[in-house]
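> predicted coordinates and the sequence they were generated for:
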Amino acid sequence: MSDTLKRRKFLKGSLAATTALALPMRASAQDVLKMGVVLPSPIADVGWSHTLMEGVNTVKEAYGDKLEVTVLENIAEGPDADRIANGLVAEGNEVLLLGSFGYQNGGIQIAKRNRNVSLIHASGFMVEPNFAPFTAKYWQGTYLMGMAAASLTKSKKIGCVGAFAIPELITSINAFMLGALSVDPEITMSVVWVNSWFDPASEQEAAKALISQDVDILFSNAQDTPSVIAVAEEAGIYAYNLNSSMKSYAPTKYLGVVGTDWGPHFKRLVDGHVAGDFPGANYWLGMEDDVVFTADWNPDIPAEMVAQIKAKEAEIATGDFVVFKGPLTDQSGAERVAEGVAMTDGEIIGMDWHVAGVTTPLPS
Amino acid sequence: MSGLEFLLAGTLAAALPLLLAALGEMVVEKAGLLNLGLEGMMAIGAAIAFICVYHTGSHFVGFLGAAAVSTLTALLFAALVIGVQANQVASGLAIGVLGLGLSALFGKSYESLTIQGLPKLGLLGLSEIPLIGPTLLTQDIVVWVSIGMTFGLWWVLNRTKLGLVITAVGENPEAARAIGYPVSLIRLYAVAFGGAMCGIAGAYASTVYTPLWADGMIAGRGWIALALVVFGTWQTGRVAFGALLFGILSLGELTAQAMGIGLPSQVLSSLPYFVTILMLVVISRRKLRSA
């Protein structure tokens, strides 16, 4: 029986492939929609995979019994991931969520071969009618964290533990710096790159190395575990991270979180798939889309600063304030963006220079 | 705290997981076997130790549990290579992969949790010495015990009959067997010892050094430990020196970045590995010359 089912699906798939973007031919609402999720790291109480799963759960709640979700966690990028994603398609999953950049090439192949399957992909750049990447504008939130950091730092030195020096992380750091400078122009920032997505011990040593240089605010940039946050709490300095709150690991010194809520976005895409009209495009989402938010602000932040931050947050959401807007100078003091000019999305995506104030040279 | 103080305070702890795992493997290799499963045995030790400490609150139980379970894993390796004469490389790799898998399985519901580490202890009033007192000479109990253990191991291997027997079993098993030593049994003990050391090394990483559990947290340290045995030319002192050098280089790289020194961090990250390769070249050249 399952054989015939598969064959029917296959026929439907090949038909869809030949007619490409034909009329909606989605299964009727009585059918259960199968969704497959591939995640790069284990699902924990915090971190990247956790945040993605929260988004998936939002969709699950909306669909109830009509949605069956298969989750495969801790899947290394590469041939294994491609094989697993193909397996999910063969098992009849019509929507795939691929939770890491490195799944892109395999995912695109699946999208091209199976036009009836819709793929949602994290932080890529390739687009197909049935393949939609998404990225968060974390920098909108890290700018606000910079303002908060400036109001709390005593040494006027802030720091960041970064995974890899890629544009996505560099923009977060630059916005953090700009936010701090908007409050206090004397602040400087040191950055330590661990050159690993996952090595809690090294991340902690990097944090300690920064603390030994009098850094008293830390940005845990793209660490999936509370490694840096826990060290900061122990050392009695403030720290914040991205995606999901780690306040429980630093009850007194947690500066706040630049969170992401993918629920509404995922639901929109799944709705589109069900309606036979999957909106394949590159999604770069921020506060204006209710994807990026800040939360768990530390009560030590002065009340007037909290008010300023809230006001700025509202301006970012409405588009009245743009973070990457000239005049912006780089570390060498050269002007990179002229007065009054806002950087384009393309320029921000490819940002490979640090703004003035960041003391650590960027690895080249 | 300056960069120098950071290095003095952190190097021993950073080197410890490498040191323990490498010393264990050194004994295995001295006895004539090669266990490539270090990474997995460390991971399983880390997971078991974390679970034990999380529930009992006792680090002693954690270290004991880690040593026991990693020893069992190592004995599986022994059963394969000594018991049924299976290929060592394949068996070692298989045990390594198995260990990683089991650690992920056991640690699943503890992912990203944290626990209390161990307090740092000054050594017999020496912590009053300026600069090195509060940094280098203030370490947790495991560091002090491990330093003692390193000297103990050196003594056993170089100054006792047991050390000679292990070397004999490794270098000339036929002769050792001919004069009545139970070669297989001695190798079995060596493999068990290596497993226990890996377990303790992993336990230190997850319950004292970080202290948290996350799948994959050993992050290649088992392979570095394996390289350190070669780096140290199977001599206790040199292996310990290698572990320290590795620890100080990896911390030094991070410190240099934090201080804003304009070296490309990728170069700095690869420095420890580069030094290992350099050492191998030096060793083999010396061997060629003396041959």
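Thanks, I have the structure now.

> I'd like to know how many residues surround A:Asn114.
22 (other Cβ atoms under 10 Å in any protein chain shown). Bear in mind the C-beta positions are built from the backbone N, C-alpha and C, glycine included.

> now the one 3 residues further on
Other residues near A:Val117 number 25, with proximity taken as other Cβ under 10 Å.

> so what's A:Leu96 bridging to?
Judged by DSSP bridges, the bridge partners of A:Leu96 are A:Gly36, A:Leu119.

> which residues touch it?
By Cβ atoms under 8 Å, 6 or more residues apart in numbering or on different chains, the residues touching A:Leu96 are A:35-38, A:85, A:88-89, A:107, A:110, A:117-120.

> as JSON lines, those residues with pLDDT would be great.
Shown next, in JSON lines, are these (pLDDT from 0 to 100):
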{"residue": "A:Met35", "pLDDT": "97"}
{"residue": "A:Gly36", "pLDDT": "96"}
{"residue": "A:Val37", "pLDDT": "97"}
{"residue": "A:Val38", "pLDDT": "96"}
{"residue": "A:Ala85", "pLDDT": "95"}
{"residue": "A:Leu88", "pLDDT": "96"}
{"residue": "A:Val89", "pLDDT": "96"}
{"residue": "A:Gly107", "pLDDT": "95"}
{"residue": "A:Ile110", "pLDDT": "95"}
{"residue": "A:Val117", "pLDDT": "96"}
{"residue": "A:Ser118", "pLDDT": "96"}
{"residue": "A:Leu119", "pLDDT": "97"}
{"residue": "A:Ile120", "pLDDT": "97"}
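
> distance between stretch B:56-71 and the chain's centre?
Taking Cα atoms, centre = their mean, to the nearest Å, one finds the center of stretch B:56-71 at 16 Å from the center of the full chain.

> could you export it as PDB, CA atoms only?
The C-alpha coordinates for stretch B:56-71 follow below in PDB (Å, rounded to 0.1, in the frame of the first residue of the first chain):
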ATOM      1  CA  THR B  56      24.900  13.400  43.000                       C
ATOM      2  CA  GLY B  57      26.700  16.800  43.300                       C
ATOM      3  CA  SER B  58      29.900  14.800  43.900                       C
ATOM      4  CA  HIS B  59      32.800  15.300  41.500                       C
ATOM      5  CA  PHE B  60      34.500  12.200  43.000                       C
ATOM      6  CA  VAL B  61      31.500  10.100  41.900                       C
ATOM      7  CA  GLY B  62      31.700  11.800  38.500                       C
ATOM      8  CA  PHE B  63      35.400  11.000  38.000                       C
ATOM      9  CA  LEU B  64      34.900   7.500  39.200                       C
ATOM     10  CA  GLY B  65      32.000   6.800  36.900                       C
ATOM     11  CA  ALA B  66      33.700   8.300  33.900                       C
ATOM     12  CA  ALA B  67      36.900   6.300  34.500                       C
ATOM     13  CA  ALA B  68      34.800   3.100  34.900                       C
ATOM     14  CA  VAL B  69      32.700   3.600  31.800                       C
ATOM     15  CA  SER B  70      35.600   4.700  29.600                       C
ATOM     16  CA  THR B  71      37.500   1.600  30.900                       C
END
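
> in the stretch 1-150 of chain A, which residue sits closest to chain B?
Residue nearest to chain B within the stretch 1-150 of chain A (Cβ to the nearest Cβ): A:Ala44, separated by 3.8 Å.

> wait, a helix at that residue?
No. A:Ala44: not assigned to a helix; according to DSSP: H, G, I helix; E, B strand; the rest coil it is coil.

> strands of the stretch 51-200 of chain B, start to end?
B:120-122, B:138-140 (DSSP state E, counting those that start in this stretch).

> pull out the buried positions in stretch A:269-287.
Across stretch A:269-287, burial judged by 16 or more other Cβ atoms under 10 Å in any protein chain shown covers A:269-270, A:272-274, A:278, A:280, A:282-287.

> farthest-apart pair in these, please.
A:Val274 and A:Met287 (27.7 Å; Cβ to Cβ).

> spell out which residues of the stretch 151-300 of chain A are next to chain B.
With Cβ under 8 Å from any Cβ of the partner chain as the criterion, the stretch 151-300 of chain A meets chain B at residues A:159, A:165, A:190-196, A:198-202, A:204-206, A:208-213, A:215, A:224-227, A:230, A:249.

> so which of those residues sit within strands?
A:Gly159, A:Ser190, A:Val191, A:Val192, A:Trp193 (DSSP state E).

> who are the contact partners of the third one?
Contacts were defined as Cβ under 8 Å, 6+ apart; by that measure A:Val191 touches A:Gly159, A:Cys160, A:Gly162, A:Ile173, A:His354, A:Val358, A:Thr360, B:Gln257.

> TSV please, covering the residues you listed and showing distance to A:Ala334 and neighbour count.
Output for the contacts of A:Val191, formatted as TSV (distance: Cβ to Cβ, whole Å; neighbours: other Cβ atoms under 10 Å in any protein chain shown):
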residue	distance to A:Ala334	neighbour count
A:Gly159	24	30
A:Cys160	22	27
A:Gly162	23	27
A:Ile173	18	25
A:His354	12	21
A:Val358	14	23
A:Thr360	17	27
B:Gln257	23	29
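
> out of these, list just those in strands.
If you go by DSSP E, these have A:Gly159, A:Cys160, A:Gly162 in strands.

> then stretch B:181-200 to PDB, C-alphas only?
Included here for stretch B:181-200 are C-alpha records, laid out as PDB according to Å, rounded to 0.1, in the frame of the first residue of the first chain:
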ATOM      1  CA  TYR B 181      55.400 -12.600  31.100                       C
ATOM      2  CA  PRO B 182      51.600 -12.800  30.200                       C
ATOM      3  CA  VAL B 183      51.800 -10.400  27.200                       C
ATOM      4  CA  SER B 184      48.100 -10.400  26.500                       C
ATOM      5  CA  LEU B 185      47.200  -9.700  30.100                       C
ATOM      6  CA  ILE B 186      49.700  -6.800  30.400                       C
ATOM      7  CA  ARG B 187      48.300  -5.300  27.200                       C
ATOM      8  CA  LEU B 188      44.800  -5.700  28.600                       C
ATOM      9  CA  TYR B 189      45.800  -3.700  31.700                       C
ATOM     10  CA  ALA B 190      47.500  -1.100  29.600                       C
ATOM     11  CA  VAL B 191      44.400  -0.600  27.400                       C
ATOM     12  CA  ALA B 192      42.200  -0.400  30.600                       C
ATOM     13  CA  PHE B 193      44.600   2.200  32.000                       C
ATOM     14  CA  GLY B 194      44.400   4.200  28.800                       C
ATOM     15  CA  GLY B 195      40.600   4.100  28.900                       C
ATOM     16  CA  ALA B 196      40.500   5.200  32.500                       C
ATOM     17  CA  MET B 197      42.800   8.200  31.800                       C
ATOM     18  CA  CYS B 198      40.600   9.200  28.800                       C
ATOM     19  CA  GLY B 199      37.600   9.000  31.000                       C
ATOM     20  CA  ILE B 200      39.200  11.200  33.600                       C
END
